[in-house]
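*Asks:* sequence and predicted structure are below.
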Amino acid sequence: MSGRQVYQDEYFTVLVDDRTGIVRTVRSEKPLDVLEELEGIFARLGAVLDELGRSKYGLLADLRATPGRNDPQFEAAMGRLRPLWVGGFRRVGVLVRSTVGMMQIQRHARHDGVERLISKDEDELLKYLVQDG
């Protein structure tokens, strides 16, 4: 996907494609190991996404490189922080590499109450995200 890069740190790259109205967050392969750092990581990401004006965009969260993690402390922290990432967008699509990843994100979606399409097919997600919400 083309687009202008508006943010990058060790964990996330944020690209914006104004032509399609899609913001893409690409999660790196670097593990989110230190729970105490999560607040800052997601506060910075959330601030960048807020600045863009979330309601104008669809969000494509590309999690294909992300190492899996589902210990209870991490899950609890992410349950609190995930809305800073996925909340407020016109539509949300999550790109995963495996069926296990898809099942984990479906569980998150039920917990968050944020509707999202989860797929291993990038084209399917892009078509979904450009539709009017």
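*Replies:* Sure, I can see it.
*Asks:* low-confidence regions, this protein specifically.
*Replies:* For the chain, residues meeting the criterion pLDDT under 70 lie at 1-2, 132-133.
*Asks:* where do the strands of it begin and end?
*Replies:* Under the criterion DSSP state E, the chain contains strands at 4-8, 12-17, 22-27, 58-62, 91-95, 117-119.
*Asks:* Gln131: which of those strands is closest?
*Replies:* Evaluated with Cβ to Cβ, the strands of the chain place strand 91-95 nearest to Gln131, the distance being 7.1 Å. All C-beta atoms are positioned from the backbone trio N, CA, C, and that covers glycine.
*Asks:* adjacent strands (with direction) for the closest one?
*Replies:* Sheet pairing of strand 91-95 (DSSP bridges) gives strand 58-62 (parallel), strand 117-119 (parallel).
*Asks:* rebuild the strands of the chain as JSON lines, extending it with mean neighbour count and distance to Ala76.
*Replies:* Formatted as JSON lines, the strands of the chain follow (neighbours: other Cβ atoms under 10 Å; distance: least, Cβ to Cβ, whole Å):
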{"stretch": "strand 4-8", "mean neighbour count": "13", "distance to Ala76": "26"}
{"stretch": "strand 12-17", "mean neighbour count": "19", "distance to Ala76": "21"}
{"stretch": "strand 22-27", "mean neighbour count": "22", "distance to Ala76": "19"}
{"stretch": "strand 58-62", "mean neighbour count": "24", "distance to Ala76": "20"}
{"stretch": "strand 91-95", "mean neighbour count": "23", "distance to Ala76": "20"}
{"stretch": "strand 117-119", "mean neighbour count": "18", "distance to Ala76": "21"}
